[in-house]
Each structure stands twice: as C-alpha cells, then as structure tokens.
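**Student:** Any chance you can model this:
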Amino acid sequence: MSATTSTPPTPASVKPSAHTGAGGVMNKRRGTIATVFMFVLALIWLFPLLWALYNSFRDYSYTQTNGYLSFGGWTLDNYQNAWSRGNFGLHLKNSLLITIPAVALTLFLSSMVAFVLARFSYRFNLTLLGIFLAANLLPPQALLIPVFKMFRELPLPTFMSESGTMLNSFWALILVNTAFQMGFCTFVLSNYMKTLPYEIYESAQMDGASVWRQYWQLTMPLVRPALAALATLQVTWIYNEFFWATVLISRGDKLPVTSALNNLRGQFFADTNLVAAGSIIVALPVLIVFFVLQKQFVAGLTLGSTKG
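**Tutor:** Prediction:
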C-alpha cells in the first residue's frame, strides 16, 4: 500500500474568503464615519472663530436692523476703530515684552532641570518632578493673595520698575508665567531626553566633554523638535494669559493686549462687531506663530510615537 502525500496549496491558489471582503468594507465604512465625525467636530470648534471673523467685517447698525443672519453691511471701519480705540499698538508691544522673555526663560530653565532629571539618578528626582508638576495642578486663584503680597514686598530699582516693587512691572508677569509653565515643560522634556541613547553621553565623557557641553552642545540640538512644539504652546498660553495681568498690573499702559479688549466695551453698551474685530487682531500673532512653526510643532508631537 503506497502512501500518498498531499502538497500544500500555493499562495496563488488561495482565494480570498467572503469574510475578508466584508471586513474590508466594514473598515472602510468605519473610516468614513470617523472622518465625517471629525469634520463635524472641527466645524463646531471653528464656528465661533469663523462667526467672529464674518461679523467683524459688518457694520453694527446694519446687523441690528437686518439681523445677524443677514448678508451685507460690509465695512473695514471696525478694524480701524478697534486699533485706535483699543490702543493695540502699545498693548501688542507689551505682550511681546512679556511673552518672548517668559518663553525663552521657561524653556531654558526647564531644559536644564529636565537634563539633570533624565541623565543623573538622584533619590529626589521624582520628588523634584512632582513639585514642578504641582504648580500646574494648583489653580491660580489659590495663589493670588500670597503672590500679590510677595511681589508687593520685593523691591526693584526704579529703572526696572517705576513703582519700586515687582507690581506694575513686566518682570512680575514674566516670573509668574515662567514659574507656572516650568512644570509642564520639565515633564515633557525629561521624558523626551530619556529616549536619547546613553551611548552618546558615554562617548562624550570619554572625549572629555563636561556636563555643560553635554547639555548645550549634545542634548539641546537633539531636542529641537520638542523645544519647537513647546515654544508654540508656550507662546499661545502666555500671550493669552489674562488673570495675572489684571492682578499684578494696575496701570493701563502696562497691560497686555488681551486685557486691552476691555477698552472696546462701554459701561452700558458694547459693539459686538467691534469687539469681534479686536479679537481677530489679538488672535493674529498666535496664528502666525503656529503656521510658521507648524512643521516643527507636528514633528515634536509625533517623534517617538512610532518605532522602526
């Protein structure tokens, strides 16, 4: 009795089953549903901004007469009046004098702390990181009175602050924003630096590189994508910060641009189209920064999310 052997079917002879085709159709439908759902969410999120942009080019008296759902009444006077009445030139300069130093100081100090936490093993590493993160968990209102009293007692030379203290000075807003943002930046950068191969630091040590050179010439160039992403976020958050400006600054000529929107509102009347134009003017610098750093921002968020 001779034994017969059966050869396994070749890959070319294997036919796709009906289940495979059905699964592909289901995945395609799910992808379409997810795309439509995300598109609807994007429209809901963008609607207030688009609505403000639309009405910022319309005359207030026309919309009061014909309704906001009407079409017409186009004008550019809202932007001219908002710029002059809100004194946006001065307040934009104030925001730049606050935002740029605060972002630079935040990234510099947090990168130094993150480098120590990532490259050196100390017992208090987790405790130190927890202290930094605790500042982000506390609401600003809880620290209002202590910060105000502390800044009122801290003296400054008259060439740095006309009041002689930290109050009514840009230094107060720079320091308070730096203190509140360092925890988040330190957390992100420390985790990012831990992904860097340790062999490059061993090679640097063998070549006689000091700790400072390892930080400045080796680590900092490698974390540029993360720094770009954090810089975009920090510019947005610090530029739009409103609470501490109203607490620590009492002089109108020292307020940032977000606080200047109050100048467009009357005591009993508010031209909503004028306020919309002012809001668009305030939002433009942040949008410009985002579009300029868009590639670096996306690279900083996605780097390390895939392996291979």
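
**Student:** Tell me where this protein is predicted with low confidence.
**Tutor:** Within the chain, the stretches with pLDDT under 70 are 1-25, 135, 266-269, 299-308.

**Student:** In space, not sequence, find me the middle residue of it.
**Tutor:** residue 233 (1.8 Å; Cα atoms, centre = their mean).

**Student:** State whether it is indeed within a strand.
**Tutor:** No. Using DSSP: H, G, I helix; E, B strand; the rest coil, the assignment for residue 233 is helix, not a strand.

**Student:** Is there a neighbour count for the residue lying closest to residue 176 once chain neighbours are set aside? I'd like the number.
**Tutor:** Once flanking residues are discounted, residue 176 sits nearest to residue 244: 5.1 Å by Cβ to Cβ, 6 or more residues apart in numbering. All C-beta atoms are positioned from the backbone trio N, CA, C, and that covers glycine. Residue 244 has 22 neighbours, counted by other Cβ atoms under 10 Å.

**Student:** do the same with residue 225
**Tutor:** Using other Cβ under 10 Å, residue 225 has 19 other residues around it.

**Student:** for the helix or strand containing it, packing partners?
**Tutor:** Here residue 225 sits within helix 224-239, counting by DSSP states H and E. The contact analysis (3 or more Cβ pairs under 8 Å, 6 or more residues apart in numbering; DSSP states H and E) places helix 224-239 against helix 88-119, helix 170-194, helix 272-292, helix 294-302.

**Student:** got a markdown table for the ones you listed, with mean neighbour count and distance to residue 81 too?
**Tutor:** As requested, the helices and strands packed on helix 224-239 are exported to a markdown table (neighbours: other Cβ atoms under 10 Å; distance: least, Cβ to Cβ, whole Å):
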| stretch | mean neighbour count | distance to residue 81 |
| --- | --- | --- |
| helix 88-119 | 20 | 11 |
| helix 170-194 | 21 | 28 |
| helix 272-292 | 18 | 6 |
| helix 294-302 | 15 | 32 |
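
**Student:** ok, now which ones touch residue 265?
**Tutor:** residue 275 (Cβ atoms under 8 Å, 6 or more residues apart in numbering).

**Student:** One more: residue 59?
**Tutor:** So residue 59 contacts 73, 74, 75, 77, 78, 273 (Cβ under 8 Å, 6+ apart).

**Student:** doesn't residue 182 make contact with residue 109?
**Tutor:** Yes. Judged on Cβ atoms under 8 Å, residue 109 makes contact with residue 182 at a distance of 6.0 Å.

**Student:** Longest helix in the protein, by number of residues?
**Tutor:** Taking DSSP state H as the criterion, the chain has its longest helix at helix 18-56.

**Student:** what angle sits between it and helix 272-292?
**Tutor:** 130 degrees (axes from the mean of the first three to the mean of the last three Cα atoms, to 10 degrees).

**Student:** Could I get the buried residue list for helix 18-56?
**Tutor:** 52, 55, 56 (16 or more other Cβ atoms under 10 Å).

**Student:** Let me know how buried the nearest residue to residue 209 once chain neighbours are set aside is, in neighbour terms.
**Tutor:** Spatial nearest neighbour of residue 209, excluding adjacent residues (Cβ to Cβ, 6+ apart): residue 218 at 7.1 Å. Residues lying near residue 218 (other Cβ under 10 Å) number 16.

**Student:** Check residue 164 too.
**Tutor:** For residue 164, using other Cβ under 10 Å, the count is 14.

**Student:** Residue 90 and residue 252: what is the separation?
**Tutor:** From residue 90 across to residue 252, the span is 9 Å (Cβ to Cβ, to the nearest Å).

**Student:** returning to that earlier point: ok, which of the helices and strands packed on helix 224-239 comes nearest residue 213?
**Tutor:** Ranking the helices and strands packed on helix 224-239 by their distance to residue 213 (criterion: Cβ to Cβ) puts helix 88-119 first, at 11.9 Å.

**Student:** Please identify the buried residues of the next helix or strand after the closest one?
**Tutor:** Proceeding N to C from helix 88-119, the next assigned helix or strand is helix 125-137, under DSSP H and E. Within helix 125-137, the residues scored as buried using 16+ other Cβ under 10 Å are 129, 132.

**Student:** Alpha carbons of the helix or strand containing residue 247, as PDB, please.
**Tutor:** Taking DSSP H and E as the criterion, residue 247 maps to helix 243-248. Included here for helix 243-248 are C-alpha records, laid out as PDB according to Å, rounded to 0.1, in the frame of the first residue of the first chain:
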ATOM      1  CA  PHE A 243      -5.700  86.500  35.000                       C
ATOM      2  CA  TRP A 244      -2.300  87.500  36.400                       C
ATOM      3  CA  ALA A 245      -2.200  90.700  34.200                       C
ATOM      4  CA  THR A 246      -5.300  92.000  35.900                       C
ATOM      5  CA  VAL A 247      -4.000  91.100  39.400                       C
ATOM      6  CA  LEU A 248      -0.400  92.400  39.200                       C
END
